[in-house]
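Q: This is the structure alone, sequence omitted:
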């Protein structure tokens, strides 16, 4: 019998541990957060470069996330890198610099982040889509800021389904799929007619395989099984219930769900929970806040606010923003921008307004966020970053008798007022137009406006300012029309921004 010697198993080379990730280095450049792409770079070199950067004061993330500002790759073409990045984490791409290793090596040599130039960028972004193609509805832009979207929705059966699926993905913090369904819903809302067959989708942007599959199923059966599954899902229903409470975010709702809570009673009977002041107010006035706000109620609150502000500052500017400015008949809160014609005079006005609401006995809850506005740090590259203006989130009493058309109930036990959620934001007048544009929304309209500015015009836009990266200067704007003109866009009226 032939004897075959048994060879010992070949030991695979182990992936080196990034020991630097646990080391503490001084971060000198907090504005820059780097992610090194291991693809084609290799684990050993990535580990070495990570350690080098951290020792020089750079912040390097081990995982691609929303915190990353600079993605750095080596020996990757733009064509092969972008699809890989999109599959890995599409949530970060719209607001992230994707760069060749040359930027990294130059920064290491300089000992600080060097200015990003065109030669550093891997620009073949999938977000910079091809030119719009003709469709059954005409030529439709893939940017919602180039579409006029009113409150009239001819495709509600599809957009309702998309928004349920998007909300479910948001509860799971899967921002990529969430954004995909929201963009698809936004597109369908802008169409002048109803989608009646799959052929109508030909040439339309913003529709992927998943969204098309939902449309196809609804066209054929009148409903989508995936949507029905979500609506019957215990986690979805519980997360929707808990996040409906003012002051309860995704993390808190998830924590309560994991503890086995499924109702408000479950939460409120647990003695170990410590509520924030906002959450206490959220539970106390839940029924009123959950009921939402009508346009008539918004107008009544607006009159109260304007009367108070004008008594304090006769020349002050008070603007109703948010969904009501876009023509909505109903919303979950009311947003106001308040400023003065003279820069700096708006300081201290918010506290005076709050004191007046207290004196009138109609302030139920408030939380003032002090201004952190700094011209030298604007505009922000991160879309999700809350603006830095002074603001206040509050609840106030609104007497039902002040609401036009309100029905007076005969019930003796019914209170004669309703708790209303209100937000005040106080930008300096020089930045009022940018704040007005941002706070008017819609959220997706704002996101696409910033995306358009960045990729089509080489500009940075946020609620504070518009910066031209080519000219290296801020562009002033007294009105929203000025901002659209700087971007080379046709002006879209507020009631046409319901993306």
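A: Okay, I see it. Predicted model, so just to flag it, every value in this text is computed and none were measured. Numbers count the residues shown, from 1 in each chain.

Q: For residue 491, which three-state class applies?
A: The three-state label given to residue 491 by DSSP: H, G, I helix; E, B strand; the rest coil is coil.

Q: For burial, what's the neighbour tally of it?
A: As a burial measure, residue 491 scores 12 neighbours (other C-beta atoms under 10 Å). Heads up, the C-betas are built off the backbone N, CA and C, glycines and all.

Q: what's the closest non-adjacent residue to it?
A: Excluding its sequence neighbours, the residue lying closest to residue 491 (C-beta to C-beta, 6 or more residues apart in numbering) is residue 484, at 4.6 Å.

Q: ok now do that neighbour, which residues does it touch?
A: 490-492 (C-beta atoms under 8 Å, 6 or more residues apart in numbering).

Q: Return the member of those residues nearest to residue 291.
A: Set against residue 291, the nearest of those by C-beta to C-beta is residue 492 (30.9 Å).

Q: Please tell me how far that closest one sits from residue 485.
A: Here the criterion is C-beta to C-beta, to the nearest Å. By it, residue 492 lies 12 Å from residue 485.

Q: which one of those two has more residues nearby?
A: A count of neighbours by other C-beta under 10 Å puts residue 492 above the other of residue 492 and residue 485, at 19 against 14.

Q: Using the record's domain definitions, break this protein down for me.
A: 19-120, 134-231, 234-284, 291-487 (automatic domain parsing).

Q: okay, the ones you listed in a markdown table with mean pLDDT and distance to residue 496 next?
A: Formatted as a markdown table, those follow (pLDDT from 0 to 100; distance: least, C-beta to C-beta, whole Å):
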| stretch | mean pLDDT | distance to residue 496 |
| --- | --- | --- |
| domain 19-120 | 82 | 23 |
| domain 134-231 | 93 | 4 |
| domain 234-284 | 96 | 29 |
| domain 291-487 | 91 | 8 |
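
Q: As TSV, those with distance to residue 498 would be great.
A: Output for the domains of the chain, formatted as TSV (distance: least, C-beta to C-beta, whole Å):
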stretch	distance to residue 498
domain 19-120	21
domain 134-231	5
domain 234-284	22
domain 291-487	5
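
Q: For residue 497, which of these is the nearest?
A: Using C-beta to C-beta as the measure, domain 291-487 is the one of the domains of the chain that comes nearest residue 497, at 4.6 Å.

Q: chain center to that closest one: distance?
A: Centroid separation for domain 291-487 versus its chain: 16 Å, with C-alpha atoms, centre = their mean, to the nearest Å.

Q: Equivalent analysis for stretch 229-237, please.
A: In terms of C-alpha atoms, centre = their mean, the centre of stretch 229-237 is found 24 Å from the chain centre.

Q: Just the terminal-to-terminal distance for it.
A: 11 Å (C-alpha to C-alpha, to the nearest Å).

Q: and what of stretch 183-200?
A: Taking C-alpha to C-alpha, stretch 183-200 runs 17 Å from one end to the other.

Q: If you count neighbours, what's buried in stretch 319-339?
A: For stretch 319-339, burial by neighbour count (16 or more other C-beta atoms under 10 Å) applies to 319-328, 331, 333-339.

Q: Among the residues you listed, which ones are in strands?
A: Residues from those lying in strands, with DSSP state E as the criterion: 319-320, 331, 334-339.

Q: What is the neighbour count of residue 473?
A: By other C-beta under 10 Å, 10 other residues sit near residue 473.

Q: next one: residue 251
A: Neighbour tally, residue 251, other C-beta under 10 Å: 9.

Q: Also the one 4 residues further on?
A: Residue 255: 13 surrounding residues under other C-beta under 10 Å.

Q: what helix or strand is it on?
A: If you go by DSSP states H and E, residue 255 is part of helix 250-258.

Q: Same question for residue 240.
A: Per DSSP H and E: helix 234-243 holds residue 240.

Q: again with residue 398
A: Counting by DSSP H and E, residue 398 is found in strand 390-399.

Q: one step back: and the helix or strand encompassing the residue nearest to residue 491, what's buried?
A: Assigned by DSSP H and E, residue 484 belongs to helix 480-487. Using 16+ other C-beta under 10 Å as the test for burial, helix 480-487 gives 480, 482-484, 486-487.

Q: likewise stretch 106-116?
A: For stretch 106-116, a neighbour-count test (16+ other C-beta under 10 Å) marks 107-108, 113-114 as buried.

Q: Distance from the chain centre to that stretch, please.
A: Taking C-alpha atoms, centre = their mean, one finds stretch 106-116 lying 31 Å from the centre of the chain it belongs to.

Q: what comes into contact with it?
A: For stretch 106-116, contacts defined as C-beta under 8 Å, 6+ apart pick out 28-29, 31-32, 52-53, 56, 58, 70, 97, 99, 103.

Q: try it again with 10 Å
A: Here stretch 106-116 makes contact (C-beta atoms under 10 Å, 6 or more residues apart in numbering) with 28-29, 31-32, 34, 49, 52-53, 55-58, 69-70, 72, 97, 99, 102-105, 117, 120, 469, 472.

Q: List only buried entries from those.
A: 29, 32, 34, 49, 53, 56-58, 69-70, 72, 97, 99, 103-104, 120.

Q: Please report the distance of residue 223 from residue 193.
A: 21 Å.

Q: Quick check: bridge partners of the closest residue to residue 319 other than its chain neighbours?
A: Excluding the flanking residues, the one nearest residue 319 by C-beta to C-beta, 6+ apart is residue 337, at 4.5 Å. Listed by DSSP bridges, the beta-bridge partners for residue 337 are residue 319, residue 425.

Q: One more: residue 35?
A: Beta bridges link residue 35 to residue 61, residue 71, judged by DSSP bridges.

Q: show me where the stretch 301-450 of the chain has helices.
A: 322-325, 349-359, 432-440, 443-456 (DSSP state H, counting those that start in this stretch).

Q: hang on, the earlier thing: ok, now how distant is the residue nearest to residue 491 from residue 452?
A: Residue 484 sits 11 Å away from residue 452, going by C-beta to C-beta.

Q: got it, and residue 222?
A: In terms of C-beta to C-beta, residue 222 sits 36 Å off from residue 452.

Q: cool, residue 281 as well?
A: Applying C-beta to C-beta to residue 281 and residue 452 gives a distance of 38 Å.

Q: Leaving out chain neighbours, which residue sits closest to residue 103?
A: Take residue 103 and drop its neighbours on the chain: the residue closest to it by C-beta to C-beta, 6+ apart is residue 120, 4.0 Å away.

Q: I should have written residue 288 there, sorry.
A: In space, and not counting its chain neighbours, residue 288 is closest to residue 419: 3.9 Å by C-beta to C-beta, 6+ apart.

Q: Double-check that neighbour against residue 289; I have them as touching.
A: Yes: when contacts are counted by C-beta atoms under 10 Å, residue 419 is listed as touching residue 289 (6.2 Å).
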